[in-house]
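*Asks:* From the sequence below, what's the structure:
(one chain, ligands or ions: 2)
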Amino acid sequence: MSKTHRIAVIAGDGIGPEVVREGLRVLDRMAAQEGFRVELSHYPFGAEHYLKTKEIFPDAAYDEIGKHDAILLGAIGDPRIEVGLLEFGIISRLRFGLDLYVNLRPVKLYAEHLCPLKDKGPDDVDFIVVRENTEDAYAGMRGFFKKGTPDEVATQEIIFTRKGVERVVRYAFELARARGRAKKLTLVDKANAVRAMDLWTRVFAEVGAEYPDIAREHNYIDAACMYVVKNPEWFDVVVTSNMFGDIFTDLSAMIQGGMGVAASGNIHPGRVSLFEPIHGSAPKYAGQNVANPIATIGAIQMMLDYLGERRAATRLEDAVARLLRSKRLPSLGTDSGLGTNQIGDLVLEELEQTASKV
Ligand code: IPM
Ligand code: MG
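*Replies:* Ligands and ions are numbered 1, 2, ... in the order given. This next block holds a predicted model:
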């Protein structure tokens, strides 16, 4: 009996529905070629749904989504709606509610011509960022005092817990071991200024003592931003806090070819986890068939890997890598001259090439 994977799909806002449509075509083809089944449940949440119904994310749907094997998310965010309302109500709710404590962001350059750095190629840009995903300023412990007056005070707490830091640091050590590349883990923090990050320093040393085979490195976030541009080959696995991880991975995405290619997984090992492109909803490109679905296809590749469909994931990654190297997709932005659906077609063509050999 072939295995069935139950996937909840939230296509979301802006270009989300278009890139998810192409991603699902690829997923469907993978299932047919590799002999597994997918059962999709589509959820309408996002800006349009909110404007129509005033509903952000009802509890019943949240509970139901949590019972799937994985979640695929397109993008959330719309300029017509109060900043942060849907992001917090949908993305953060899933990240915090389902305790998806790892935000995994591979930074891998597939073809030299896609890298904006001089003299850097695929051998130099191949690392993975483990971003803590449930704490920090994102926890939303905030407040305003005397709002709207000249004496206004605004606060938002940066929180780190021993448990939260330890589990993500441990995950990163395990990953550095499993990758088996440079076997190096770099802690990125700002412990010199944000002294609460001393917790990260201590946990990193303590947990690290259990992994004598993994070399420990440390960069302050400002220096890490410099090195990722100057010497990206120094990184293997990076572990960092939520906010720094958010910023560092957008910067890192640019050296792997940009937002058109960067994918991520929001993971709680062994439980339902969520996969999404790193890019946002890009409202000005919505509905024009110009968005690049490669990042969403990358998210599907990560999802397949997570679901245990390793061979499918590897074939999909190889197909995308070949496509990018071939230059048949002239750019990864909205200016490629190819429609979202045509890029989907190209990936399907590439997959066809290796289908008979498996
Ligand atoms: C990301 C996004 C989100 C974040 C936004 C949409 C809240 O930028 O996934 O990186 O900051 O985590
Ligand atoms: Mg971000």
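*Asks:* what residues does stretch 323-339 touch?
*Replies:* If you take C-beta atoms under 8 Å, 6 or more residues apart in numbering as the criterion, stretch 323-339 is touched by 110-111, 113-114, 257-261, 282, 285, 288-292, 294, 343, 346-347, 350. C-betas here are computed from N, CA, C, even on glycine.
*Asks:* Tell me how far the spatially most central residue of the chain lies from E132.
*Replies:* For the chain, the residue nearest the mean C-alpha position is S264 (1.7 Å; C-alpha atoms, centre = their mean). In this view, S264 and E132 are 13 Å apart by C-beta to C-beta, to the nearest Å.
*Asks:* anything in contact with each of those two?
*Replies:* Joint contacts of S264 and E132 (C-beta under 8 Å, 6+ apart) are N103.
*Asks:* so what's the residue nearest to V153 when sequence neighbours are not counted up against?
*Replies:* Spatially, and ignoring its direct neighbours in sequence, V153 is nearest to F145 (4.2 Å; C-beta to C-beta, 6 or more residues apart in numbering). By C-beta under 8 Å, 6+ apart, the contact set of F145 is 152-155.
*Asks:* Check which residues of stretch 343-355 are buried.
*Replies:* Going by neighbour count (16 or more other C-beta atoms under 10 Å), the buried part of stretch 343-355 is 343-344, 346-348, 350-351.
*Asks:* ditto for stretch 295-312
*Replies:* By 16+ other C-beta under 10 Å, the buried positions in stretch 295-312 come out as 295-307, 309, 312.
*Asks:* Just flag the most distant two among the contacts of F145.
*Replies:* E152 and T155 (10.7 Å; C-beta to C-beta).
*Asks:* what's the overlap in contacts for the two?
*Replies:* If you check E152 and T155 against C-beta under 8 Å, 6+ apart, the residues they both contact are 144-145.
*Asks:* Just the pLDDT for K357.
*Replies:* K357 carries a pLDDT value of 53.
*Asks:* Contact residues of the protein facing ligand 1?
*Replies:* 87, 91, 246, 278 (C-beta under 6 Å from any ligand atom).
*Asks:* And the strands in the stretch 101-250 of the chain, which stretches?
*Replies:* All strands of the stretch 101-250 of the chain, identified by DSSP state E, counting those that start in this stretch, fall at 102-108, 126-132, 142-145, 153-156, 184-189, 215-220, 237-240.
*Asks:* Most tightly packed of these?
*Replies:* strand 237-240 (a mean of 27; mean count of other C-beta atoms under 10 Å).
*Asks:* For K327, see how far away A111 is.
*Replies:* 8 Å.
*Asks:* of the two, who's got more company?
*Replies:* A111 (20 against 11; other C-beta atoms under 10 Å).
*Asks:* which residues touch that one?
*Replies:* Residues counted as contacts of A111 (C-beta under 8 Å, 6+ apart) are 122, 257, 321, 324-325, 327.
*Asks:* longest strand of this structure?
*Replies:* Secondary structure of the chain per DSSP state E: the longest strand is strand 4-12.
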